[in-house]
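**Student:** Turn this into a structure:
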Amino acid sequence: MMSFMRAVIDVPDEIIESIDRLSAAEKRSRASVIREVLSNYVEATKTPDLEAAFGLWKGKAKDGVTYQEEIRNEWD
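**Tutor:** This next block holds a predicted model:
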């Protein structure tokens, strides 16, 4: 079940007017359009999850452990 949080934000009149035109053209509520825009923004800017990190060293000249040991040896 999806839950919602109400928020009060300041939005310039020009943007509200654009959202209202869009929502009228698509026969959707203003809130629905705003939720979609926020969802798209979050999706486009989210950081990759841990699954995306697997395989990063594939095809590298040396494996990750060797690289790590070399870097740590520089500290001595």
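
**Student:** Distance-wise, check residue 19 relative to residue 4.
**Tutor:** 18 Å (C-beta to C-beta, to the nearest Å). For glycine as for every other residue, the C-beta is placed from the backbone atoms N, C-alpha and C.

**Student:** Give me the more crowded residue out of the two.
**Tutor:** residue 19 (17 against 7; other C-beta atoms under 10 Å).

**Student:** who touches that one in this structure?
**Tutor:** Neighbour list for residue 19: 30, 33-34 [criterion: C-beta atoms under 8 Å, 6 or more residues apart in numbering].

**Student:** Could you turn the buried ones of those into a PyMOL selection?
**Tutor:** A single PyMOL command selects the buried members of the contacts of residue 19 (16 or more other C-beta atoms under 10 Å):
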select buried, resi 33+34
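
**Student:** By mean pLDDT, flag the weakest helix or strand of the chain.
**Tutor:** helix 50-53 (a mean of 76; mean pLDDT, DSSP states H and E).

**Student:** Grab the most central residue of this protein for me.
**Tutor:** residue 46 (2.3 Å; C-alpha atoms, centre = their mean).
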